[in-house]
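Asks: any chance you could fold what I've pasted below:
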Amino acid sequence: MSGDRVVSAWRNLAVVSAFVALPPAVHAQTTPATTTENVVVTGTREPGRLARDSFSPIDVLTARDLAGTGQTNLTDALSQLLPSVTRPAVGIFDGAPTDFISLRGLNPDQTLVLVNGRRRHSTAFIYIQGFADGATPVDLDLVPPLLIDHVEVLRDGASAQYGSDAIAGVVNVILKARDHGTHVAGETGQFYPGDGFTARAGAERGFALGSGGFLDLSLDYRHADRTVRNGPDSRTGTVVTKILGTPGSTRYVAGANAGYDLADGPELYASATYAYRFTDITQVYRLPSRLPSIYPGGFTPHQTTHENDFSSALGVRGHDLLGWRWDLSSSYGGDFLDNNLRNTANTGLLAATGSTPLFVHLADFSATQLNDDLDLSRAFHVPHWAFPLNVAGGIEHRFETYGTGAGSPASYLYGGSQAQAGLLPTDAGPHSRVVYSAYLDLSGHLTRAWQVDAAGRYEHYTDFGNTWNGKLSTRYDLTPRLALRATISSGTRAPSLANEFYSALAVGPDSASGTLPANSAAAALLGANALKPENATNLTAGLVFTPLRDLHLTLDAYQIAIRDRIVSGPGVAGEAAIAALRLQGIAVDPGLDAQDVSASFFTNAASTRTRGVDLTATYVTVLGRLGAIDWDASLNATYTRITHTNTLANGEADLSAQSAAYLTTSTPKNRVIFGGRWHRDRWDVLLHEQRYGQTVDELTYFSGPNAYSTTDFARFVNHPRWLTNLEFGYRPLATLRVALGANNLFDATPSRIPPENGYYGSEKYDSSLSQIGINGGFYYARMDWTF
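Replies: A predicted model of the protein is given here:
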């Protein structure tokens, strides 16, 4: 569907709606409360603040908004609703199961994720390529979907308010707090080619606890079959290499949210989630000539992961401790991975001993986080001043761990098992650090129309020392319908423990590539410097405008300058790489050509400057007896450039052309979303059009004279794409809604990459860019029953 046809169709629909009369009586009954009228708790310490009155841009997405996208997980739903949200369009190999987002084209680790206002632990997975290079993000798919009441997305730097990782913004998932009622939901669907069958079912129920409490429980199940989007393998002429696509997975997730008002005023509250996920990731096909005695027809290794994830929080809060509102809480969460490889073999071990196992244990990974918080806030009446001064402050303690467990000996000896070598015992072990912090936040009116908020935070890392961050925000309401707002802030993100200590060796059919711990002697041999925190300066300025009662507009421009960004350093190939791997204790197959062996590490490679603009608009058209249409439109345009490239200890540049593309052009240059929801009586229709701007990558060569080069890459442009989502809904009962829909209705796919830049020519699409997904159109049926 061409862009001209899309624009023309929507223009005609808008003109028809504009000429329909808007009866006042009907308008009062059918106009829904817009999301800008929601009270928010993110980005402010003041109770009762509305999203439209905030100092910074905040999006509030209700459970109905999320369900209306037809997506089966929170990550996909957010990316369908907000153009400033980026999610991985495709994942292969180790990090494929993780569902995460980022804001404004920045690394996922630069977006802080909260659940009920409490920091959520990260995944134990670490990404090694693409726009998420070096990230261990929060996995939103492991938050119970039916337990979500709404999501608040703060699109502004907030490190001074919430601590590290909030450089790009904050996502706060607010859980339901119901004391009655049941919600049952189910969905099934598959992709147009006939694969990727997905089934999901879940239930949520609220219970009363005595006369002053609630307990909200949720359980959700989802199974998704694998998809394959590879082309023919040049070695066989058939589709035997099936690494490009969505891995098969099965996920169970349960959650609880509870609260109880004590007789003397304070409230006890608690929440908990648990998730189990099994994932099967397909690796590169090996020809029959590799191991004819064991696999006469060739073989495809499968990497399988058993993942257990949990979180819990317990707290008590009150409204009058010597006049202060107070909140004391503790939360703990962790992600635990058991990583294995089946249908594999260790060819070096077979040659040396005459035998090899076909199943090996690769490694165990874990990441945990303990948070203890005390927050205080109070409004002071200043003498001779007409407006109260709101004061908030608090102290926090955070204990983080990252653990790695060794693989079975057959997984790492004699060059390692095919597809992935196991973790060496010398690289295994527990790692931890403690973070202490304190913050102070002052806000109030200077005049009736002029507000100011100032925040400061001190943090001490036991491995990186002290950091200081501040934020100054202001807002001026020129009229009740027009307000200006601006913010300047600083931010810090310390390297994750995985950035410091992760080690791995990927074993291809005719290549090997290793990732060395950043602080190891082996990485130092290749020129690595000690990792240091990223530091950022954010500037945001915008306006909030309501020219008509039902037309709400926000426009915000921003600049984010980040120093010492952490990505994979320039890979080194040949004998130098082999020597560094050997120093780390990692053996590679001696039969490999030296130039097909590479090694890299995480490094503070460069400084960047990101500039962009966000525009949102909502409007309601009432059609009398024909119902009403809730329109929405939003745009994000982001441009990132490198302002400085650091150097390694050996004087070489710290950034390859490929890593530079990951930082600057791997996410869409712009995104536009527009559409609406028509509703009348029992019927509703949701229709949204999305345009994804171009992305640009520097692709690795897998054949030809530059095969596996760490310095020569192929520049690839993924051209803009349009994507259409459509859903028809009907309520046979007041409490039951059924729907049929399609995401990517016209089956749009990304641009194809050259054959020499995919494994044996089989990869059709780039797996490092994040634009539209590679799977094409998805049709589904869903049901929601609330009683």
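Asks: for the chain, give me the ranges with low pLDDT.
Replies: Low-confidence segments of the chain (pLDDT under 70): 1-41, 43-49, 89-97.
Asks: residue ranges for the helices of it, please.
Replies: Using DSSP state H, the helices found in the chain span residues 3-18, 24-30, 63-67, 74-81, 159-162, 347-353, 409-412, 497-501, 521-525, 575-583, 657-664.
Asks: and the fourth one, how far out from the chain's middle?
Replies: I take that to be helix 74-81. 10 Å (Cα atoms, centre = their mean, to the nearest Å).
Asks: and it, what other elements does it pack with?
Replies: Secondary-structure packing of helix 74-81 (3 or more Cβ pairs under 8 Å, 6 or more residues apart in numbering; DSSP states H and E): strand 58-62, helix 63-67, strand 85-86, strand 148-154. In short, each C-beta sits where N, CA and C put it, glycine included.
Asks: closest one to Arg251 among the helices of the chain?
Replies: Of all the helices of the chain, it is helix 74-81 that lies closest to Arg251, at 12.4 Å by Cβ to Cβ.
Asks: list the contacts of the closest one.
Replies: Identification of contacts with helix 74-81 by Cβ atoms under 8 Å, 6 or more residues apart in numbering yields 59, 61, 65-67, 69, 71, 85-87, 99-101, 140-141, 143, 145, 148, 151, 153, 171, 173, 673, 688, 690, 725, 743.
Asks: how close does the residue of the chain positioned farthest from its centre sit to Leu50?
Replies: In terms of distance from the mean C-alpha position of the chain, His384 ranks first, at 47.9 Å (Cα atoms, centre = their mean). According to Cβ to Cβ, to the nearest Å, His384 and Leu50 sit 29 Å apart.
Asks: so in the protein, which strand runs the longest?
Replies: strand 359-381 (DSSP state E).
Asks: got the buried residues for that one?
Replies: Residues of strand 359-381 classed as buried: 359-371, 373, 375-379 (neighbour count, 16 or more other Cβ atoms under 10 Å).
Asks: helices or strands up against that strand?
Replies: Identification of packing neighbours for strand 359-381 by 3+ Cβ pairs under 8 Å, 6+ apart yields strand 118-119, strand 302-321, strand 324-342, strand 388-405, helix 409-412.
Asks: most tightly surrounded among those?
Replies: Stretch with highest mean neighbour count among the helices and strands packed on strand 359-381: helix 409-412 (a mean of 24; mean count of other Cβ atoms under 10 Å).
Asks: list the contacts for Thr462?
Replies: Residues in contact with Thr462 (Cβ under 8 Å, 6+ apart) are 433-435.
Asks: if you could redo that for Gly429, that was the one I meant.
Replies: Residues counted as contacts of Gly429 (Cβ under 8 Å, 6+ apart) are 403-404.
Asks: what about Arg493, how many neighbours?
Replies: Arg493 is flanked by 25 other residues according to other Cβ atoms under 10 Å.
Asks: do Gly651 as well
Replies: Gly651: 7 surrounding residues under other Cβ under 10 Å.
Asks: quick one: it from Ser600, how far?
Replies: 18 Å.
Asks: next: Asp335.
Replies: Distance, Asp335 to Ser600, using Cβ to Cβ: 24 Å.
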